[in-house]
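In: Show me the folded form of this:
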Amino acid sequence: MTWYERAAVVLIFAAIWDYSLGDPRNWLHPVQVMGWIINRFTRLTLNFCQEKEQRRLSGIILGLGLIIGTGSIAWLAIGGLRKINPWLDMGIEIILLASCLAGRSLRQAAEEVLEPLSEKELKTARSRLSLYVGRDTENLSESEIKRAILETVAENAVDGVTAPLFYAIVGAFLPGIGSIPLALGYKAASTLDSSIGYCREPYTDLGWFSAQLEDRLTWLPCRLTVLTLAWLSSKPRQVIAVCRRDAWRDLSPNSGWSECVYAAILGVQLGGINIYQGVIKEKPLLGDAINPINEATIKQALQLTRYCCLVWLAIAILSLLALSYIVQ
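Out: This next block holds a predicted model:
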């Protein structure tokens, strides 16, 4: 089996694992280890570094150290295991890559909130939603809960699913490196951003580097996701036009595009007034309110993400097999 055939097998079975099994309960997840390291380092920095420059330097050390360290450890471990038992190594690679993809987790999160919502149990729906979003959920109406679910699905489609898949595919074409180091390295960047990448104290300086780096690492896979989804929508010009009109209004260089492409395809409007820790924040309106946001709309958004991944996987696997044929 050539390198490229092996890489194709890992991509295929990792995608199947994520779709069918997701992250098994009680298994130690790589993100948990990353989170522990970030938490420990953050506590030390906040206790001993009081100056802006000190915290920025600490943030750079943490960001580069975790991303490069995660990728390097994965590369060394997989390379060593491959020499001992190639088949066991392939199994470990599949499990690790599947852990980088959050397709099933995202679907389960949406379904957990939709279930009580369909039975008009708003209190339960609000409680479950609070586990997945940063906004205050105690007083959200049914329509606001549905908007929050769709915004979560749309925003996390990129940094949770398509961006890790993008870096896994890139790694698959790099003999000697592979999918896992790049996918785990991106996952480290994403975890850093979600943990300390806030524009508020005490993370303003500590998380600045991680937030900026994650934005740049996500920029290309985000745009490729938008283009793929626009093409899948059968109305690409209209979708791209709406994205170009509205996406830039969001302060984030990526989440605005990610949310806007789903809004444009589904004919709904995202954004508006949210409350975070009692503070009202008005996010820009994305898309046009042609259709209401309902359960079918949210499931269609999840389906669009799956279709995008399938398109990328098909292109990657066919290209890998073609390369394998050429080098034989």
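In: now the strands for the chain?
Out: 270-276, 279-286 (DSSP state E).
In: Deepest-packed of those strands, please.
Out: Counting by mean count of other C-beta atoms under 10 Å, strand 270-276 has the highest mean neighbour count of these, with a mean of 16. Glycine gets a C-beta too; all of them are placed from N, C-alpha and C.
In: helices or strands next to it in the packing?
Out: Applying 3 or more C-beta pairs under 8 Å, 6 or more residues apart in numbering; DSSP states H and E, one finds that strand 270-276 contacts helix 142-157, helix 255-266, strand 279-286.
In: which other helices and strands contact the second one?
Out: Where contact means 3+ C-beta pairs under 8 Å, 6+ apart, helix 255-266 is packed against helix 142-157, helix 208-232, helix 236-246, strand 270-276, strand 279-286, helix 295-327.
In: what angle separates the first one from helix 208-232?
Out: Orientation check (axes from the mean of the first three to the mean of the last three C-alpha atoms, to 10 degrees): helix 142-157 against helix 208-232 gives 100 degrees.
In: which residue packs closest to the residue nearest in space to the middle of the chain, ignoring adjacent ones?
Out: Closest residue to the average C-alpha location of the chain: Gly160 at 1.7 Å, with C-alpha atoms, centre = their mean. Take Gly160 and drop its neighbours on the chain: the residue closest to it by C-beta to C-beta, 6 or more residues apart in numbering is Ala102, 3.7 Å away.
In: residue contacts, that neighbour?
Out: Counting by C-beta atoms under 8 Å, 6 or more residues apart in numbering, Ala102 touches Asp18, Asn156, Gly160, Val161, Pro164.
In: taking those residues one by one, which sit in helices?
Out: Applying DSSP state H to the contacts of Ala102, the entries found in helices are Asp18, Asn156, Pro164.
In: and which of these is nearest Arg200?
Out: Asn156 (20.9 Å; C-beta to C-beta).
In: What ranges does the stretch 51-200 of the chain have for its helices?
Out: 52-84, 86-100, 103-118, 122-129, 142-157, 163-172, 179-196 (DSSP state H, counting those that start in this stretch).
In: Of those, which is nearest Arg6?
Out: Per C-beta to C-beta, nearest to Arg6 of the helices of the stretch 51-200 of the chain: helix 86-100, 6.7 Å.
In: Buried ones in the closest one, by neighbour count?
Out: Residues Asp89, Met90, Ile92, Glu93, Ile94, Ile95, Leu96, Leu97, Ala98, Ser99, Cys100 are the ones in helix 86-100 that count as buried (16 or more other C-beta atoms under 10 Å).
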